[in-house]
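[1] Here is the input, now give the coordinates:
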Amino acid sequence: MRTLRLIALHLRVVAMYEMQYRVNFFLQLFQSLLATGTGLVVLALVYGQVDELNGWSRPELLVVLGVFTVLGGLVQAVIKPNVVQFMEEVADGTLDYVLAKPVDAQLLVSIRAVRFWQAVDILVGAIVMSVGAAQLRPGPGLLAVLGFLAALGFAAVIVYCFLLLLATTAFWFVRVDTFVESFDGIYQAGRWPVGIYPSWLRIGLTAVVPVGFAVTVPAQALTGQLSWPTLAGAAALAGTLAIVTRVCWRLGLRHYSGASS
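    The predicted structure follows:
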């Protein structure tokens with residue numbers, strides 16, 4: 001309950017701050033619609049030539065695009081701002097102010113910075129995903145929706161842990177900004193189902209940088225293509241990454257020397 005109250009407090013403070021700049025909502029909405037519109041145009045061009053893409057129909061790829069946009073909105077609104085701020089504090093030696101607070105430091109560095117208006121991407125992605133799901137025949141049932149929600153939760157954990165794991169290398173190498181910044185380019189590969197790529201790239205987007213896996217699995221759940229072993233694999237990957245990230249976080253703190261050292 002204490003953790004939930006802390007998260008709610010930070011979200012309220014961030015919302016109050018962001019509401020001072022409401023024009024950002026319209027700017028972000030325009031940017032999100034432009035990016036999504038570009039994706040829809042590409043889909044229209046592709047399906048103007050073929051009926052399906054490696055077994056994926058047009059409505060199913062709309063679902064993939066929706067999941068891609070939703071997860072990308074979560075990354076840009078919550079995960080990446082906090083990761084970037086954390087790396088800057090390690091480089092400047094000001095992480096001490098976080099470590100001195102009587103709360104879990106990993107939790108605190110994960111919730112402080114929220115780009116409120118970036119969440120527009122989540123709304124736009126949900127609309128695209130809903131349009132695609134409504135066109136599916138047969139439509140998704142209750143079990144598919146529940147599997148989708150579980151898979152989306154695992155995907156969020158996977159992406160969060162992967163980015164924070166990259167960021168924790170700042171404890172040893174200090175300047176690792178390029179690692180996290182390059183994630184944006186790699187994440188664009190998740191716009192398409194991981195199964196359409198060559199085997200070597202499929203392995204890379206599943207085991208090395210699991211962005212394709214994180215986007216494709218929730219889409220598979222909603223379109224009825226997901227097997228329970230795959231969902232179990234997503235859960236295992238999320239759990240494993242969470243443990244590895246926590247271990248690396250604790251090891252990194254032992255190597256950290258801040259302004260007070």
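[2] Name the residues of stretch 135-154 that come out as buried.
    136, 140, 144, 147-148, 150-152, 154 (16 or more other CB atoms under 10 Å). Every residue, glycine included, has its C-beta placed from N, CA and C.
[3] Give me the below-cutoff pLDDT ranges for the stretch 51-200 of the chain.
    Applying pLDDT under 70 to the stretch 51-200 of the chain flags residues 51, 174.
[4] how about the helices in it?
    Per DSSP state H, counting those that start in this stretch, the stretch 51-200 of the chain carries helices over the ranges 58-74, 80-92, 96-99, 105-111, 120-134, 142-168, 170-173, 177-187, 199-203.
[5] Which among those is found nearest to residue 34?
    Residue 34 sits nearest to helix 120-134 of all the helices of the stretch 51-200 of the chain, at 10.4 Å, using CB to CB.
[6] Now do that closest one against helix 142-168, angle only.
    Interaxial angle, helix 120-134 versus helix 142-168 (axes from the mean of the first three to the mean of the last three CA atoms, to 10 degrees): 150 degrees.
[7] who does helix 120-134 touch, helix- and strand-wise?
    Counting by 3 or more CB pairs under 8 Å, 6 or more residues apart in numbering; DSSP states H and E, the packing neighbours recorded for helix 120-134 are helix 23-47, helix 58-74.
[8] can you rerun that using 10 Å?
    The contact analysis (3 or more CB pairs under 10 Å, 6 or more residues apart in numbering; DSSP states H and E) places helix 120-134 against helix 23-47, helix 58-74, helix 142-168, helix 211-222.
[9] okay if I get these as a markdown table plus distance to residue 111?
    Converted to a markdown table, these look like this (distance: least, CB to CB, whole Å):
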| stretch | distance to residue 111 |
| --- | --- |
| helix 23-47 | 20 |
| helix 58-74 | 13 |
| helix 142-168 | 11 |
| helix 211-222 | 20 |
